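Chemist: Provided below for reference: sequence and predicted model.
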Amino acid sequence: MSTRILITGAGGFIGGFIVEEALSRGYETWAGVRKTTSREHLKNPAIRFIDFNYGNPDLLADQLREHKREYGKWDYIVHNLGVTKCKNPDDFDRINYGFVKNFTEALVATDMVPRQFILMSSLGAWGLGDEKGFTPIRPTDTPHPNTRYGQSKLKAERHLQSLEGFPYVVMRPTGVYGPYEKDYYLMMKSIKCGFDFIVGYKPQLITFIYVKDLVQAIFKAIDRGVTRRGYFLSEGRAYTSSQFRRYVAAALGKRWVIPVKIPIAGLWIVSVIAEKGAALLGKTSTLNRDKFRIMKQRNWICDISDARNELGFEPQYSLERGVNECVKWYREHHWL
């Protein structure tokens, strides 16, 4: 019998890459996506689709029981479902925490708990780090998330910890980039136009993880069989915004890029206006108050030694290599 895996949020940027790796391993791969979600990156005919009602605990339990009768249990669940920006701020809590709570409690109630339940969280769940000495953020530090997104992710983590014996694994990546990701793409597009917008005047160290390295970490956790553990994930090296700019400019063949420094206060005003304006139009804005706090944060360095020691995680993509692969994809698909 083949290994069964469910990837929720499979229609998103990261989810598509997780599905691709699961298929390459020969897993019976189930993609949790809404009927209205684009399946542009989920075209393999081997993929099986399922749509859960995470907001209704009773209906969700019925769906799980029906699936169990017809197909059996999943060996692994990667819960990649979540939101990074919302029209309604309450949706951060409702989706990033509430859906996790409903789903895990339904899995327990229906005897559908897998060998591992892997939650995609974020370094943002830990919040601000040391912005003077730039000490790496460590798992032993006390979390104090300063964004609605980070707070909702931490609540989800705390819920998993409260479930006795539940076989969770938490992944806390830093900034994830790769083909068909849209936030870093906007930065690359700006650099192509000759401008790089930098927030604030104080030193800032940022970290990245290429999407394929993140997927590697997920499946290494599956291979090692770890449970009730959480891992910070990044490339393992910190960069300045000017280094990111140089790599992108070089990949684009752009000789001249003008760095434009934006005062913190100015960005805050623009973020509030953009968020409120988008809400009035019934849309979400890439630039919002959460994004402002993320861009304002000076220290994004995290300690990935647990992932290295316990999972054998070793990032394969430097920022330069990852940017080159991204730019190539964006150009081939006429994004840049």
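Modeler: Looks like it arrived, so ask away. Residues are numbered from 1 along each chain as shown.
Chemist: Identify the residues contacting Gly133.
Modeler: With contacts defined as CB atoms under 8 Å, 6 or more residues apart in numbering, Gly133 has no neighbours. For the C-beta atoms, the positions are set from N, CA and C on the backbone; glycine is no exception.
Chemist: same deal with the one 4 residues further on?
Modeler: Taking CB under 8 Å, 6+ apart as the contact definition, Ile137 lies against 123, 126, 129-130, 232, 299, 301-303.
Chemist: thinking Leu154 is in contact with Pro145, fair?
Modeler: Yes: if you go by CB atoms under 8 Å, Leu154 and Pro145 touch, sitting 5.4 Å apart.
Chemist: Please spell out the ChimeraX selection for the buried subset of the contacts of Ile137.
Modeler: Per 16 or more other CB atoms under 10 Å, the buried members of the contacts of Ile137 correspond to this ChimeraX selection:
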select :123,126,129,232,299,301,302,303
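Chemist: And the strands in the stretch 201-336 of the chain?
Modeler: 208-210, 229-233, 258-262 (DSSP state E, counting those that start in this stretch).
Chemist: closest one to Tyr177 among these?
Modeler: Closest approach to Tyr177 among those (CB to CB): strand 208-210, 5.9 Å.
Chemist: Mind listing the shared neighbours of Leu154 and Pro145?
Modeler: Between them, Leu154 and Pro145 share these contacting residues under CB under 8 Å, 6+ apart: 125-126.
Chemist: isn't there a strand covering Asp111?
Modeler: No: residue state for Asp111 (DSSP: H, G, I helix; E, B strand; the rest coil) corresponds to coil; a strand is not indicated.
Chemist: please renumber so the chain begins at 57
Modeler: All set: I'll call the first residue 57, so the last point we hit is now Asp167.
Chemist: what about the longest helix in this structure?
Modeler: helix 320-336 (DSSP state H).
Chemist: What's the mean pLDDT across that helix?
Modeler: Helix 320-336 carries an average pLDDT of 85.
Chemist: Helices along the stretch 107-256 of the chain, start to end?
Modeler: Remark: helices assigned in the stretch 107-256 of the chain by DSSP state H, counting those that start in this stretch are 113-127, 146-147, 155-165, 204-218, 239-248.
Chemist: by how many degrees do the fourth one and helix 155-165 diverge?
Modeler: Put plainly, it is helix 204-218. Angle of helix 204-218 versus helix 155-165, following axes from the mean of the first three to the mean of the last three CA atoms, to 10 degrees, is 20 degrees.
Chemist: ok, and what's touching helix 204-218?
Modeler: The contact list for helix 204-218 (CB under 8 Å, 6+ apart) reads 138-141, 145, 148-149, 151-153, 156-157, 160, 173, 175, 177-178, 180-183, 199, 201, 222, 224, 226, 284, 286, 346.
Chemist: Filter the residues you listed down to just the buried residues.
Modeler: Here, 16+ other CB under 10 Å leaves 138-141, 145, 148, 151-153, 156-157, 160, 173, 175, 177-178, 180-183, 199, 201, 222, 224, 226, 286, 346 buried among the contacts of helix 204-218.
Chemist: Buried residues of stretch 198-208, list them for me.
Modeler: 199, 201-208.
Chemist: In JSON lines: those, plus distance to Ser218.
Modeler: Listed next are these as JSON lines, based on distance: CB to CB, whole Å:
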{"residue": "Pro199", "distance to Ser218": "15"}
{"residue": "Pro201", "distance to Ser218": "18"}
{"residue": "Asn202", "distance to Ser218": "23"}
{"residue": "Thr203", "distance to Ser218": "23"}
{"residue": "Arg204", "distance to Ser218": "21"}
{"residue": "Tyr205", "distance to Ser218": "21"}
{"residue": "Gly206", "distance to Ser218": "19"}
{"residue": "Gln207", "distance to Ser218": "17"}
{"residue": "Ser208", "distance to Ser218": "16"}
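Chemist: Could you pull up the residues touching Leu127?
Modeler: Residue 127: Tyr, not Leu. If you count contacts by CB under 8 Å, 6+ apart, then Tyr127 has Arg60 around it.
Chemist: Lys91 contacts Phe108, doesn't it?
Modeler: No: between Lys91 and Phe108 no contact is recorded; they are 11.4 Å apart, counting by CB under 8 Å.
Chemist: could you give the mean pLDDT of stretch 158-177?
Modeler: Here the average pLDDT along stretch 158-177 is 98.
Chemist: So what would you say the end-to-end distance of it is?
Modeler: 17 Å (CA to CA, to the nearest Å).
Chemist: Could you tell me which residues within it count as buried?
Modeler: Using 16+ other CB under 10 Å as the test for burial, stretch 158-177 gives 158-163, 166, 168-170, 172-177.
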